[in-house]
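Q: just a sequence and a predicted model for now, questions to come.
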Amino acid sequence: MAEANGHGLVGSIACAVVSAMLFAVAAALQQGTVRQAATAEPSGVRVLAVGPLARRILTSRRWLVGQGASVAGFGCHAVALRLGPLPMVQALLVVQLLFALPLAARQRKRRLLRRDWVGAAIVCTGLVLLIAQGVPHGVPRPETLPRAGMVVVIAVVVLFLLSRATRPTQLRASLTAVAAGFCVTSTAVLVSVGTSEPHRYGWILLGVPVTTIIGGILVQEAFAHGSLPTALTTVTITDPVLSYIAGLTLFAAATEPHPLPLAGAAALILGGVALLANSPTLHDERDSDIHDHRDSAIPGRHDGDIHNAPDDDLRGGRDGDTLTIDQV
């Protein structure tokens with residue numbers, strides 16, 4: 001990472017906020033496509049729910065536009081990591097919530113409740129308190145990377161297996177999103193370390209495609225099982241917390257957090273997440289159930305028979321015919 005200075009920090013903050021906005025737009029576009037495709041498919045035992053949906057997802061213009069926004073966001077994110085410390089950049093990505101919540105409510109044609117804004121504000125406050133203690137950053141400690149990699153692999157595998165054994169859709173989405181958060185943080189760590197001294201650590205960047213692809217698949221899997229707020233909130237919270245830990249353990253940092261502010265930050269984050277996770281306006285399980293019951297009531301209609309359904313039976317028409325957020 002380049003030596004942090006005033007101009008570098010301002011550029012890093014600006015790039016991080018822009019990347020957060022692009023990631024939020026990408027999530028809103030892609031979650032609508034993936035969730036709609038998942039609810040139209042017959043249920044069954046699958047390792048990955050998005051597997052049978054790959055062809056439909058990859059041919060959706062809406063999903064592809066979202067992927068373009070995600071790629072642009074990754075570019076801005078990489079620049080932010082090059083200019084500023086890892087924990088600060090990852091913590092700033094929490095503003096995705098402020099962009100994504102209005103998009104989620106708008107796509108369902110509902111207004112956000114006061115508790116939704118309060119929950120988002122509480123989460124942001126907790127993360128600001130966490131970072132305000134000092135941003136841990138410094139020279140990478142390469143000897144710690146292999147152990148950290150093993151921890152990430154074990155955590156992702158365990159979380160994924162737990163999600164497969166869980167029946168409630170939102171809990172399954174949350175567990176999958178936490179696993180995706182581990183991958184997102186791993187990608188950020190690899191970029192931060194690899195670009196800090198390319199002549200010494202450039203080879204580490206070879207792991208970026210692996211963590212990015214696995215993380216991307218897990219994010220789409222979370223989108224298929226749950227609502228946008230559940231998946232995005234979980235990833236957004238997991239990422240900065242893990243990044244803060246990475247800043248303390250993987251870099252030669254002098255910052256030592258104080259227990260009391262850490263406890264306060266944790267309480268705020270958990271309280272805000274609880275408000276968001278239980279919001280009555282931002283989940284689409286009830287809509288999916290109504291949609292399924294309506295389809296089953298139509299003679300000759302079977303689960304997954306979406307291609308033979310009239311366009312007015314489907315919310316937003318055929319997938320990919322529109323690029324507007326309203327019909328995500």
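A: Cool, got the structure.
Q: elements contacting whichever helix or strand Gly272 is part of?
A: Per DSSP states H and E, Gly272 falls inside helix 259-277. Where contact means 3 or more CB pairs under 8 Å, 6 or more residues apart in numbering; DSSP states H and E, helix 259-277 is packed against helix 114-132, helix 228-249. For glycine as for every other residue, the C-beta is placed from the backbone atoms N, C-alpha and C.
Q: just the mean pLDDT for that helix, thanks.
A: Throughout helix 259-277, pLDDT has a mean value of 77.
Q: swap in stretch 24-35?
A: 85.
Q: follow-up on the earlier one: ok and the helix holding Gly272 relative to helix 114-132, angle-wise?
A: 150 degrees (axes from the mean of the first three to the mean of the last three CA atoms, to 10 degrees).
Q: name the residues that touch helix 259-277?
A: 97, 115-116, 118-127, 129-130, 132-133, 170, 174, 229-230, 233-234, 237, 241, 282 (CB atoms under 8 Å, 6 or more residues apart in numbering).
Q: kindly report the same for stretch 201-217.
A: 48, 50, 70, 74, 140, 142, 145, 156, 180, 183-184, 186-187, 190-191, 193-195.
Q: select the longest helix from this protein.
A: Counting residues, the longest helix found in the chain (DSSP state H) is helix 6-40.
Q: so which elements touch the helix or strand that it is followed by?
A: Later in the chain than helix 6-40, the nearest helix or strand by DSSP H and E is helix 54-58. Under the contact criterion of 3+ CB pairs under 8 Å, 6+ apart, helix 54-58 touches helix 6-40.
Q: tell me which residues in the helix it packs on are buried?
A: For helix 6-40, the neighbour count (16 or more other CB atoms under 10 Å) marks 8, 11-13, 15-40 as buried.
Q: can I get the helices and strands packed on helix 259-277 in CSV including distance to Leu64, mean neighbour count and mean pLDDT?
A: Output for the helices and strands packed on helix 259-277, formatted as CSV (distance: least, CB to CB, whole Å; neighbours: other CB atoms under 10 Å; pLDDT from 0 to 100):
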stretch, distance to Leu64, mean neighbour count, mean pLDDT
helix 114-132, 29, 18, 79
helix 228-249, 18, 24, 80
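Q: rebuild the ones you listed as CSV, extending it with distance to Ile214.
A: Converted to CSV, these look like this (distance: least, CB to CB, whole Å):
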stretch, distance to Ile214
helix 114-132, 25
helix 228-249, 13
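Q: from what I see, Leu218 and Ser174 are in contact.
A: No: here Leu218 does not reach Ser174: they are 11.9 Å apart, not a contact under CB atoms under 8 Å.
Q: neighbour count for the two, which is higher?
A: Neighbour count, other CB atoms under 10 Å: between Leu218 and Ser174, Leu218 has more, with 28 against 25.
Q: what's the nearest residue to that one if we skip its chain neighbours?
A: Nearest residue to Leu218, sequence neighbours excluded (CB to CB, 6 or more residues apart in numbering): Ala180, at 3.7 Å.
Q: next one: that neighbour from Ser196, what distance?
A: As judged by CB to CB, to the nearest Å, Ala180 and Ser196 stand 25 Å apart.
Q: now swap in Glu221 and tell me
A: 32 Å.
Q: repeat that for Leu268.
A: For Leu268 relative to Ser196 (CB to CB), the value is 31 Å.
Q: try Ala14
A: Separation of Ala14 from Ser196 (CB to CB) stands at 20 Å.
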